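S.K.: show me the folded form of this:
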Amino acid sequence: MEKLPDLKQLSNEAKEALIVELWQEIQKLSAISATYEPKSDPSPKKN
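M.R.: Predicted coordinates for the structure are as follows:
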């Protein structure tokens, strides 16, 4: 989806389908971004 559809023109069913589609995309992107985030070291080394 390149552009958000006019929400006023969508039926309730179409809005619900859009929400599910966007939620699934958020979950997928969150999982991908988690692989790029640095893991924090719980015990930092002291010099």
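
S.K.: remind me which residues of this structure are low pLDDT?
M.R.: Scanning the chain with the threshold set as pLDDT under 70 gives 37, 39, 41-47.

S.K.: how near is the spatially most central residue of the chain to Gln9?
M.R.: In the chain, the residue lying closest to the centroid (C-alpha atoms, centre = their mean) is Ile26, at 1.6 Å. In this view, Ile26 and Gln9 are 23 Å apart by C-beta to C-beta, to the nearest Å. All C-beta spots, glycine's among them, are computed from the backbone N, C-alpha and C.

S.K.: same check on Tyr36?
M.R.: 37 Å.

S.K.: cool, and Glu25?
M.R.: 21 Å.

S.K.: comparing the two, which residue is more hemmed in?
M.R.: Set Glu25 next to Gln9 and count neighbours by other C-beta atoms under 10 Å: Glu25 wins out with 11 against 7.

S.K.: what helix or strand is the more buried one on?
M.R.: helix 12-36 (DSSP states H and E).

S.K.: tell me which residues in that helix are buried?
M.R.: By neighbour count with 16 or more other C-beta atoms under 10 Å, helix 12-36 contains no buried residues.
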